[in-house]
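Asks: need the 3D shape of this:
(one chain, ligands or ions: 2)
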Amino acid sequence: MALWQRLSRGLARTRESLLGPLQSTLSARTSTPEVLDELEEILISADVGVDAAAEIVAGLKERLDKGHLEREELERALEDIIAELLAGAEVSWSPPPHRPGVILFVGVNGSGKTTTVAKVARLLKKEGRSVLLAAADTFRAAAIEQLAELGEEAGAEVIAHRAGADPGAVVHDALAHAKSKGYDCVLVDTAGRLQTKRPLMEELGKVRRVVEKVYGRAPDERVLVIDATVGQNAISQAKLFNEAIGVTGLAVAKLDGTAKGGAVIPIWQALRIPILWVGFGKGLDDLEPFCARAFARALIRR
Ligand SMILES: Nc1nc2c(ncn2[C@@H]2O[C@H](COP(=O)(O)OP(=O)(O)OP(=O)(O)O)[C@@H](O)[C@H]2O)c(=O)[nH]1
Ligand SMILES: [Mg+2]
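Replies: Numbers count the residues shown, from 1 in each chain. Ligands and ions are numbered 1, 2, ... in the order given. Here you go, the predicted structure:
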């Protein structure tokens with residue numbers, strides 16, 4: 001199945017929130033300006049954001065006839081404009097060039113970090129890379145077990161200490177092990193933390209420094225996992241994580257569970273941090289590298 005079709009299933013709720021209301025507007029055969037006004041409101045209520053909605057509608061005004069609108073024509077134009085708006089968010093990501101590359105996953109509680117770590121492990125393993133997982137969420141007892149189970153499912157070894165141990169020590173061990181065994185990548189799962197809790201944010205800085213000490217460089221990627229169901233609220237979260245640790249990429253999880261998938265547009269516009277992956281289900285295969293065109297197409301087409 002093509003990427004956009006897999007995404008399309010995941011984005012069904014978002015698409016419904018966009019195209020459902022549009023359907024009735026269009027079938028009433030109103031004139032273009034009225035349809036565009038209504039579309040702007042629909043986009044805003046689907047969490048696309050006021051600025052992005054205005055930008056999309058301005059783009060449509062330029063492209064479309066002044067007269068009556070064909071649904072297909074409108075959809076094609078909408079897809080093109082969204083794909084263009086998101087083009088810069090897409091990167092052709094590949095693992096760090098040296099061995100092992102270190103990827104740190106951070107985010108608020110329950111955003112989807114641990115699941116995303118396992119999904120990325122699965123993806124990398126499919127590409128033939130060897131992957132080690134570090135269970136640096138020692139705060140939540142069940143987190144270690146969860147990562148161990150998911151790691152097994154993904155076919156990746158997991159380094160863990162007991163609950164309550166120092167996350168920095170786990171990372172230290174994992175790096176040493178990865179080095180001695182020649183692993184390609186180490187994926188570090190961290191505890192969920194509210195971006196406003198300073199001591200917890202400082203703990204992330206400590207994990208970062210452990211990597212710097214052992215490797216002489218920061219973790220190659222610091223990935224912020226955001227939960228798509230929070231929509232534009234992810235922007236303020238991201239800003240504080242970025243200040244604490246310097247976020248290099250986003251993973252957007254739970255796109256399947258929300259009608260707010262359109263928020264990816266204002267999130268990209270506000271942060272200008274590349275979107276590395278999108279997750280759209282609980283299964284380990286429900287993750288894909290972000291592709292602007294496929295995302296736009298899945299938002300609009302069934
Ligand atoms: N539907 C759906 N559920 C997801 C997705 N990603 C994660 N989940 C679910 O969301 C819940 C939380 O996911 P976790 O991966 O444990 O989130 P976390 O950020 O590690 O949570 P903490 O470690 O407690 O901060 C779990 O029930 C996951 O199965 C997704 O893309 N789609
Ligand atoms: Mg977790």
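Asks: isn't residue 177 right up against residue 132?
Replies: Yes: if you go by Cβ atoms under 8 Å, residue 177 and residue 132 touch, sitting 6.6 Å apart. For every residue, glycine as well, the C-beta is placed using N, CA and C.
Asks: now the common contact residues for these two.
Replies: 159, 183 (Cβ atoms under 8 Å, 6 or more residues apart in numbering).
Asks: who's more crowded, the two?
Replies: residue 132 (23 against 16; other Cβ atoms under 10 Å).
Asks: is ligand 2 contacted by the helix or strand that one falls within?
Replies: Take DSSP states H and E as the rule and residue 132 turns out to sit in strand 131-136. No: on the criterion Cβ under 5 Å from the ion, strand 131-136 is out of touch with ligand 2, staying 9.3 Å away.
Asks: buried stuff in the following helix or strand past that strand?
Replies: Scanning forward in sequence from strand 131-136 by DSSP H and E, the next helix or strand is helix 141-154. Residues of helix 141-154 classed as buried: 143-144, 146-147, 150-151, 154 (neighbour count, 16 or more other Cβ atoms under 10 Å).
Asks: repeat for stretch 202-217
Replies: 203-204, 207-208, 210-211, 214.
Asks: next: stretch 163-177.
Replies: Those would be 165, 167-168, 170-175, 177, for stretch 163-177 by 16+ other Cβ under 10 Å.
Asks: what do you get for stretch 32-40?
Replies: For stretch 32-40, by 16+ other Cβ under 10 Å, it's 32, 35-36, 38-40.
Asks: stretch 231-251 now?
Replies: Buried-residue list, stretch 231-251, by 16+ other Cβ under 10 Å: 231-235, 237-238, 240-242, 244-245, 247-251.
Asks: and for stretch 6-16?
Replies: 6-8, 10-12, 14-15.
Asks: the residues you listed: which two are farthest apart?
Replies: Within the buried residues of stretch 6-16, 6 and 14 form the most distant pair, 14.5 Å apart (Cβ to Cβ).
Asks: so what pLDDT did residue 66 get?
Replies: Residue 66 carries a pLDDT value of 64.
Asks: surely residue 64 touches residue 72?
Replies: No: the criterion here is Cβ under 8 Å, and residue 64 misses it with residue 72 at 11.7 Å.
Asks: return the distance of the one residue in the stretch 151-300 of the chain that gets nearest to ligand 1 relative to residue 155.
Replies: Going by Cβ to the nearest ligand atom, ligand 1 is nearest to residue 192 of the stretch 151-300 of the chain, at 2.2 Å. Look at residue 192 and residue 155: by Cβ to Cβ, to the nearest Å, they are 25 Å apart.
Asks: which one's more surrounded, these two?
Replies: Neighbour count, other Cβ under 10 Å: between residue 192 and residue 155, residue 192 has more, with 19 against 13.
Asks: how many neighbours does the closest residue to that one other than its chain neighbours have?
Replies: Of all residues not flanking residue 192 in the chain, residue 109 sits nearest, at 3.2 Å (Cβ to Cβ, 6 or more residues apart in numbering). Neighbour count of residue 109, defined by other Cβ under 10 Å: 12.
Asks: quick one: pLDDT of residue 109?
Replies: 95.
Asks: mind checking the SS state of it?
Replies: At residue 109 the chain is in coil, as set by DSSP: H, G, I helix; E, B strand; the rest coil.
Asks: now it: phi and psi?
Replies: phi -60, psi 130 (degrees, to the nearest 10).
Asks: list the contacts for the single nearest residue of the stretch 1-150 of the chain relative to ligand 2?
Replies: Of all residues in the stretch 1-150 of the chain, residue 114 sits closest to ligand 2, at 3.3 Å by Cβ to the ion. Residues near residue 114 by Cβ under 8 Å, 6+ apart: 137, 143, 146-147, 150, 189.
Asks: in helices, which of the buried residues of stretch 32-40 appear?
Replies: When DSSP state H is applied, the buried residues of stretch 32-40 are split such that 32, 35-36, 38-40 fall in helices.
Asks: how about these in TSV, adding distance to residue 1?
Replies: Converted to TSV, these look like this (distance: Cβ to Cβ, whole Å):
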residue	distance to residue 1
32	35
35	32
36	33
38	33
39	29
40	33
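Asks: which residues of this protein lie near ligand 2?
Replies: 113-114, 143.
Asks: from residue 249, how far off is residue 217?
Replies: 16 Å.
Asks: can you check residue 55 too?
Replies: 24 Å.
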